[in-house]
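J.: how does the following fold in three dimensions:
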Amino acid sequence: MLILTRKSDESIIIGNDIQVKVLKIQGNQVHIGIEAPRQVSVYRQEIYEQIRKENVNAVQSSDKIKNLEESLSNLKKLFPNKP
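T.: Predicted coordinates for the structure are as follows:
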């Protein structure tokens with residue numbers, strides 16, 4: 001991890017097109033501004049973790065649906081004359 005010290009109104013540059021600027025320091029809070037291209041997603045960590053968990057749950061639900069479809073297909077093969 002790179003650790004930098006910045007004062008209010010100072011910035012760091014990431015790559016060629018991302019700027020992170022310290023806007024204000026108030027008590028134990030730091031207000032930052034981030035300028036990045038539209039295609040770059042920027043999230044607070046807690047929001048990113050929530051999105052990641054929801055994506056994992058969606059994949060697991062999709063797997064459960066596939067398993068259910070396979071089970072139904074197997075049942076239809078066992079009982080071909082049942083609707």
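
J.: what distance do you get for residue 81 to residue 66?
T.: The gap separating residue 81 from residue 66 is 26 Å, by C-beta to C-beta, to the nearest Å. Every residue, glycine included, has its C-beta placed from N, CA and C.

J.: these two: who's more crowded?
T.: residue 66 (10 against 4; other C-beta atoms under 10 Å).

J.: which SS state does the more buried one fall under?
T.: Following DSSP: H, G, I helix; E, B strand; the rest coil, residue 66 is assigned to helix.

J.: the one 3 residues further on now?
T.: Following three-state DSSP, residue 69 is assigned to helix.

J.: pLDDT wise, what is it at?
T.: Each residue has a pLDDT score; the one for residue 69 is 81.

J.: any idea how far residue 63 is from it?
T.: On the measure of C-beta to C-beta, residue 69 and residue 63 end up 11 Å apart.

J.: secondary structure element for residue 40?
T.: Under the criterion DSSP states H and E, no helix or strand holds residue 40.

J.: what segments of the chain are helices?
T.: 45-78 (DSSP state H).

J.: and it, what are its domain boundaries?
T.: 1-38, 43-83 (automatic domain parsing).

J.: quick one: the closest residue to residue 18 other than its chain neighbours and residue 29, what's the gap?
T.: Closest residue to residue 18 apart from its sequence neighbours, by C-beta to C-beta, 6 or more residues apart in numbering: residue 36 at 4.6 Å. According to C-beta to C-beta, residue 36 stands 22 Å off from residue 29.
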